[in-house]
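Asks: mind looking at a prediction? Sequence and model below.
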Amino acid sequence: MKKTKSAGQIIFIMICLCFIAGIFAGAVIQNMGIDKIKDLCLNESLPKNAPFYALFVKNSKLFILSWLIGFISFGIPFIMAISILKGITYGYAFSYMLSLNGIGTLKDILLFVIPYSVISSIPFFISGTFACWAATRKFIKSSKSCLRREKEKKKTEFIIIFILSLILTFISCFVEIKLSGYVAL
């Protein structure tokens, strides 16, 4: 019996593929010698020592943006574009660190930068996927045939996913504070 993938799984896979393509594109951009985006990429993708509220704003802006944009039907391409841009910043920063300090930096990247990058990207992936899935399912628009119990279930799912994304953003801020002393250019 053939299993079919749900719309949420397909959207999640597409967002992840856009992110991975962005990582490769960022590495290629850095290797081409384009330094105009260096400051943006390094500030966005490397852990830095800053107050917690500033880190929370930095880490939550993309997931909240994807959350809001994803609920409109034409927001899915914007989330894919945000995913590609996020991947470009990580790919550029990793490639820049490797080209600057050589293979000795690989240990720092594997131990400190990649775990932070993964933890800080999870809320974006969750919120973007859920918002896009909700837009395809007409999550916000309620029909007359929808029962009150189903509407409450949808609202509960919305709140749980949003709270989960916020908790993961808090965790990524704490991880960034702890790792900020270990990563230096």
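Replies: Nice, thanks for sending it over.
Asks: look at Ile34 and give its secondary structure.
Replies: Using DSSP: H, G, I helix; E, B strand; the rest coil, the structure places Ile34 in coil.
Asks: ok, it to Tyr96 distance?
Replies: Applying C-beta to C-beta, to the nearest Å, the value for Ile34 to Tyr96 is 11 Å. In this view, the C-beta of every residue, glycine as well, is placed from N, C-alpha and C.
Asks: who's more crowded, those two?
Replies: Neighbour count, other C-beta atoms under 10 Å: between Ile34 and Tyr96, Tyr96 has more, with 23 against 11.
Asks: was I right about the more buried one contacting Gln30?
Replies: Yes - assessed by C-beta atoms under 8 Å, Tyr96 is found in contact with Gln30 at 5.3 Å.
Asks: quick one, what contacts Ile11?
Replies: By C-beta atoms under 8 Å, 6 or more residues apart in numbering, the contact set of Ile11 is 76, 128-129, 132-133, 136.
Asks: any weak-confidence spans in the chain?
Replies: Low-confidence segments of the chain (pLDDT under 70): 1-5, 35, 38-48, 70-71, 73, 135-147, 180-185.
Asks: all helices for it, in order.
Replies: Assigned helices in the chain, in chain order: 7-31, 38-45, 52-70, 76-101, 106-108, 114-136, 148-179 (criterion: DSSP state H).
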